[in-house]
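# Turn this into a structure:
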Amino acid sequence: MRGPLDRFVLPSLPTNSNGKKPLRSPRTRTDAGNGQRTLETAIGTAPKTHNEFSQNLSRNHGYEKGSIKETVVSLNTLAEPPPLERSSRIVGSYCQILRLIDEWHSEFSSVQKMLDYLGRHKSRSVGSARIYCRTLAAFCRSCGLYPDELVKQTREKIETLVQHYCDMVKDRSMQRGPSSQYPNGVMDRLKCFFSCNGFNRENNSQLRLKGYHQPPRTTNRPEYVPTLKETLIMADRSGSKRDRAIVLTLMCTGLRNSALRALKVGDILRELKEGRKILLVNIEANWNDTRIPGSCKNRIPYYSFIAPIATEAIQSYLEERKSVFGSVSSEEEPLFVSNYNQISPHQRRMKSLTREQLGIIVHKAARAADIPRWKDVRPHTMRKVFESVLRSPLIDGSQMDHQDQVFLMGHIQAGSLEHYYDRTKTEKMRELYSKLVFEDRSSAQASSLETARKIAKLLGVDPSEVRAVKEKELGRQLSSQEEEKALEEAIKLARERQNQEEHKIIQPSELNQHITSGWSAVFQLADGRVVVKRKSTAAP
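Sure thing, here's the model as predicted:
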């Protein structure tokens, strides 16, 4: 009787006349030309197309291009890879080249050592493991050697191969721009592979390679961070309730691409039913295993909030989903589902957005908002919009503490501050979050500043002088909000001076003259002199 996993296991290998099992299990097929049955190897022959792979081995639903695909392999480790002619090229997906069984297991012992290192001593990020494996597979294609063959080469030979390959990567990278981040990253990943296989400092055989200079503040992928006003226009012109909810959620949570796609209805449903306007979103470390790899970067758990403007957009979108699918029947449904209409409604309501789909949504919204550099607006740049809101003054004019800003961005506090930061007071943080300004106040701010200047002039205060004194005190230029606040303080001081009373003592013969000038008598002293008073007219 066959079980559900039997399709992954090859039938038992037949025994040769000498009592040994062959390296590969033969399978038969019919030759179309002569009708005779011939032998074909089950392992070592790469499929012609990526589509010949069957379903994904992983439980995750959101795998995209390059995901670990099912391959027909034996659970027993094969002895040696098939002999490779140096003139031929290694072809196939990176999963085939590295003989990956799943995300963390390979039939090559050298690859397995690298995966063990990433899983035990690093963050065990599936996304990182894929990047390392893709880099190694590309290097194997370039060299024409399998991983286990690579680690058998001499140190000098490996250094030559790696340096030459990285130089080629650097030359290709320079066609896009001056940044060396990618070629340096490729070199680091290859050094990690060889270090796990004995070429390390402990053995005094680490690879001696020359990296590449990275110019400061340089990237080959330009980006444009929209202003808060532009982001709100993007949301209004996004074209659908789903896309509007996505843009606003990115703006007010700062979630990364994979984290937003990993959100499920159940993450916010309880607080939605309670009628809360500011929704708590917990990003858990196990999302990398149970949802989308990389959704909790570096497995750093944190939480953020969804502002009222995005909460209303999500509620409207969920109501629309009910009319399309009949209901939102499961808390396990993705919060933002794909609109791919070539699958059944039941499959669609359970299908998360892909990374590319989310990028297209943001691109289209930026283009609709008439942003000149709309191609440079991406989901990650929306995260920087959220950061700018965190750094801006709150509703009451105060500033959010820097440690709170770091936590809401999903980062680790600097040094020992991480051990002393209290992240357990979620309601206190929700109250602080409620003071963030997620609306465009630029026009209202300009009008308010102009009004303050007019009032100051009426009270005899010179606005330009107030600004100059404050800028000299701070050693920098003032923002509009800071100038308005300085004017308010000057206006308040001027009014206090105007309301102050002026007193003096005069002779009785001077009383009539002072009363004519606006003074009033208070009382007469024993020597006959009179105390008079009036409101101060001194300029501020």
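# domains of this structure?
Domains of the chain are assigned by automatic domain parsing as 6-152, 228-433, 454-499, 501-535.
# I figured Glu271 hits Asn282, correct?
No: using C-beta atoms under 8 Å, Glu271 makes no contact with Asn282, being 11.1 Å away. (C-beta placed from N, C-alpha, C; glycine too.)
# just to revisit the earlier point, among the domains of the chain, which is the most enclosed?
domain 228-433 (a mean of 17; mean count of other C-beta atoms under 10 Å).
# next SSE after the helix or strand encompassing Val111?
Element membership for Val111 (DSSP states H and E) is helix 109-120. For helix 109-120, the succeeding helix or strand toward the C-terminus, using DSSP H and E, is helix 126-143.
# Could you give the average pLDDT over the helix or strand just after that next one?
From helix 126-143 onward toward the C-terminus, using DSSP H and E, the following helix or strand is helix 147-150. Averaging pLDDT along helix 147-150 yields 96.
# Next secondary structure element downstream of helix 147-150?
Helix 147-150 is succeeded, C-terminally, by helix 155-174 (DSSP H and E).
# Low-confidence stretches in the stretch 51-200 of the chain?
51-89 (pLDDT under 70).
# 80 instead?
51-91 (pLDDT under 80).
# for the stretch 301-450 of the chain, same thing?
326-329, 397, 441-449.
# hmm, who's touching stretch 459-479?
452-453, 456-457, 482-483, 486-487, 490-491, 494-495, 498, 539-540 (C-beta atoms under 8 Å, 6 or more residues apart in numbering).
# and which of the residues you listed is nearest Met234?
Nearest to Met234 among these: Glu482, at 28.2 Å, using C-beta to C-beta.
# Quick check: closest non-adjacent residue to the closest one.
What sits nearest to Glu482 in space, not counting adjacent residues and going by C-beta to C-beta, 6 or more residues apart in numbering, is Lys470, at 7.2 Å.
# where's that neighbour, which helix or strand?
Here Lys470 is assigned to helix 463-474, by DSSP H and E.
# still on that earlier bit, got the angle for the helix holding Val111 vs helix 126-143?
Interaxial angle of helix 109-120 relative to helix 126-143 (axes from the mean of the first three to the mean of the last three C-alpha atoms, to 10 degrees): 160 degrees.
# Give me the packing partners of helix 109-120, helices and strands only.
strand 105-106, helix 126-143, helix 147-150, helix 181-196 (3 or more C-beta pairs under 8 Å, 6 or more residues apart in numbering; DSSP states H and E).
# Nearest to Lys264, out of those?
Going by C-beta to C-beta, the one of the helices and strands packed on helix 109-120 nearest Lys264 is helix 126-143, 18.6 Å.
# could I get that closest one in CSV with only the CA atoms?
Only the C-alpha atoms of helix 126-143 are listed here, as CSV (Å, rounded to 0.1, in the frame of the first residue of the first chain):
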residue,chain,number,x,y,z
VAL,A,126,14.7,30.8,4.3
GLY,A,127,15.1,33.9,2.2
SER,A,128,18.8,34.2,3.0
ALA,A,129,19.3,30.5,2.4
ARG,A,130,17.9,30.8,-1.1
ILE,A,131,20.1,33.8,-1.9
TYR,A,132,23.2,31.8,-0.7
CYS,A,133,22.1,28.8,-2.8
ARG,A,134,21.4,30.8,-5.9
THR,A,135,24.8,32.4,-5.7
LEU,A,136,26.6,29.1,-5.3
ALA,A,137,24.6,27.5,-8.1
ALA,A,138,25.6,30.4,-10.5
PHE,A,139,29.2,30.0,-9.5
CYS,A,140,29.0,26.2,-10.2
ARG,A,141,27.6,26.9,-13.6
SER,A,142,30.4,29.3,-14.4
CYS,A,143,33.1,26.9,-13.2
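# what helices or strands is that helix leaning on?
Helix 126-143 packs on helix 94-97, helix 109-120, helix 147-150, helix 155-174, helix 181-196, helix 287-290, going by 3+ C-beta pairs under 8 Å, 6+ apart.
# Switch the domains of the chain over to CSV; also include distance to Ser173.
Listed next are the domains of the chain as CSV, based on distance: least, C-beta to C-beta, whole Å:
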stretch, distance to Ser173
domain 6-152, 14
domain 228-433, 19
domain 454-499, 38
domain 501-535, 75
